[in-house]
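> I need the structure of the sequence given here:
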Amino acid sequence: MTTVTYTDTEGTARTIEATVGDSVMETAVRNGVPGIVAECGGSLSCATCHVFVDEGQDIDLPGMTGMEDEMLYGTAVDREDNSRLSCQLPVTEGMSLCVTTPETQV
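A predicted model of the protein is given here:
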């Protein structure tokens, strides 16, 4: 099964069965996951789909592009080493990814 687990800052976790080829952001929006605003709809022109990728996962995520890196400096909550924009994280076959949403996106 391919899943993404979204945990909010209060510790509430929501595990969603994801569609391969969608992004982690699209999966969240489609399923009403709170904490992902996604104002730009995934066009990499805002930072309102910021997530913290839980450490210690054995998942091969694509590297961060320069544009994503720049956008992460504009997040409402300070970026950390494990910060990513969920619109830039594709769902892959068999993925079981866990991310945490920041306290706010705006």
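> use CA for all of it now, contacts and neighbours both
OK.
> In this protein, mark out all the helices, start to finish.
Remark: helices assigned in the chain by DSSP state H are 24-30, 66-71.
> Give me the residues contacting the last one.
If I follow you right, that is helix 66-71. Contacts to helix 66-71, defined as C-alpha atoms under 8 Å, 6 or more residues apart in numbering, come from residues 44, 45, 46, 47, 84, 85, 88.
> what's the neighbour count on residue 77?
By the criterion of other C-alpha atoms under 10 Å, residue 77 has 16 neighbours.
> What separation do you get for it and residue 97?
Here residue 77 is placed at a distance of 21 Å from residue 97 (C-alpha to C-alpha, to the nearest Å).
> Spit out the contact partners of the residue nearest the centre of the chain.
With distances taken as C-alpha atoms, centre = their mean, residue 86 lies nearest the centre of the chain, 2.8 Å away. When contacts are counted by C-alpha under 8 Å, 6+ apart, residue 86 touches 23, 24, 25, 49, 50, 51.
> backbone phi and psi for the closest residue to the last one other than its chain neighbours, please?
What that stands for is residue 51. Excluding the flanking residues, the one nearest residue 51 by C-alpha to C-alpha, 6 or more residues apart in numbering is residue 101, at 4.8 Å. The phi and psi values for residue 101, taken as degrees, to the nearest 10, are phi -90, psi 150.
> Surely residue 101 is in contact with residue 9?
Yes. Counting by C-alpha atoms under 8 Å, residue 101 touches residue 9, with 6.6 Å between them.
> of those two, who's got more company?
Counted by other C-alpha under 10 Å, residue 101 and residue 9 do not tie: residue 101 has more neighbours, with 24 against 13.
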